[in-house]
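**Student:** With the input below, show me the fold.
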Amino acid sequence: MRVGLHALGIGDGARPEVIRAVATAAERHGFARLWCGEHVVLVDAPASRYPYSADGRIAVPADADWLDPLLALSFAAAVTSRIELATGILLLPEHHPVVIAKQAATLDVLSAGRFSLGVGVGWSAEEFAALGVPFAGRGRRTDEYLAALRTLWAEDPASFAGEFTRFDAIRVNPKPLRGGRLPVVVGGNSDTALRRAVTLADGWYGFNVPVADIPARIAVLADECARHGRSFDELTVAVAPSDGTPAHLPGLAAAGVTELVIVGAPPPTPDEAADWVTELARTWIRSGA
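**Tutor:** Coordinates of the predicted model:
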């Protein structure tokens with residue numbers, strides 16, 4: 001089983017010297033992929049419920065530094081040569097799809113084909129309001145934007161007409177390096193997110209899922225594959241558990257997990273951050289996976 005690391009872009013993990021230390025150490029120790037999430041806006045007292053914690057609150061303080069994930073991963077790409085990169089996740093309906101097509105393909109080219117675009121629908125109504133994007137209908141908007149991205153990456157010139165976006169005979173270059181196709185991973189733990197991963201994407205990223213719940217979520221994913229005529233083996237299944245130890249890895253692999261993602265906040269100095277990654281590798285790669 002592959003092991004990924006979700007540790008860049010927030011707080012101390014937003015410092016360039018720490019990003020460099022974490023990225024290079026993760027590559028050196030055999031981590032498969034670096035993940036970086038997104039929020040453009042946080043507010044001090046959100047009314048929206050955060051879906052990935054029991055109390056409905058996000059653990060990141062509203063005043064914390066939170067880098068743009070595509071820019072942060074571009075920096076990580078420049079200091080590494082082998083480790084893969086992924087947004088985990090980018091809030092797709094908050095962005096213009098033509099711009100994201102350009103930015104994602106650019107990062108794929110600059111990283112020599114190491115980038116995967118992880119997307120989700122978002123949960124913060126306050127964030128959507130600040131960006132001037134309707135919160136209602138964000139799922140439909142996400143689905144349409146994914147279709148538009150596929151068109152922009154594969155066709156030149158490209159045309160598309162939908163409910164939320166349209167363009168006619170435009171050229172958006174560069175193209176992704178893998179035959180005009182960039183791997184897309186859908187984040188979110190709901191049945192709807194799992195269905196979206198099967199019907200519109202190349203994989204699923206489950207975030208902060210209790211180990212005991214992971215087999216049931218993957219069973220839903222497999223059911224959706226059967227319902228939509230897709231082979232389960234075509235999908236990547238990346239999961240960041242909310243609990244668990246390396247002893248759980250064989251069972252997770254048997255359930256269908258292809259990448260275990262370790263989520264953590266690195267220490268504030270480069271030396272400490274490198275040592276922190278070394279210890280994670282010792283725990284999860286050498287003694288675990």
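
**Student:** Look up the closest residue to the most far-flung residue of the chain relative to its centre, ignoring the ones flanking it.
**Tutor:** Of all residues in the chain, residue 169 has its C-alpha farthest from the mean position, at 29.9 Å, by Cα atoms, centre = their mean. Computed as Cβ to Cβ, 6 or more residues apart in numbering, the closest residue to residue 169 that is not its neighbour in sequence is residue 157, at 4.3 Å. Glycine gets a C-beta too; all of them are placed from N, C-alpha and C.

**Student:** Residue 82 too?
**Tutor:** Once flanking residues are discounted, residue 82 sits nearest to residue 27: 5.7 Å by Cβ to Cβ, 6+ apart.

**Student:** Moving C-terminal from the helix or strand harbouring the one you found, which element do we reach first?
**Tutor:** In this assignment (DSSP states H and E), residue 27 forms part of helix 16-28. Toward the C-terminus, helix 16-28 is succeeded by strand 33-36 as the next helix or strand (DSSP H and E).

**Student:** Neighbouring strands - and their directions - for that following strand?
**Tutor:** In the sheet, strand 33-36 lines up against strand 2-6 (parallel), strand 84-87 (parallel) (DSSP bridges).

**Student:** thought residue 277 was touching residue 20?
**Tutor:** No - counting by Cβ atoms under 8 Å, residue 277 does not reach residue 20; the two are 11.6 Å apart.

**Student:** So those two - more neighbours on which side?
**Tutor:** More neighbours surround residue 277 than the other of residue 277 and residue 20, with 26 against 18 (other Cβ atoms under 10 Å).

**Student:** now that one, what's its secondary structure?
**Tutor:** Three-state assignment for residue 277 (DSSP: H, G, I helix; E, B strand; the rest coil): helix.

**Student:** what sits against the closest residue to it other than its chain neighbours?
**Tutor:** The shortest distance from residue 277 to any non-neighbouring residue, by Cβ to Cβ, 6+ apart, is to residue 25 (3.8 Å). Contacts for residue 25 (Cβ atoms under 8 Å, 6 or more residues apart in numbering) come out as 273-274, 277-278.

**Student:** and if you look at residue 157?
**Tutor:** Counted by Cβ under 8 Å, 6+ apart, residue 157 has contacts 169-171.

**Student:** in the chain, which spans are helices?
**Tutor:** Using DSSP state H, the helices of the chain run over 16-28, 69-78, 97-110, 125-131, 138-154, 191-200, 214-227, 249-255, 270-281.
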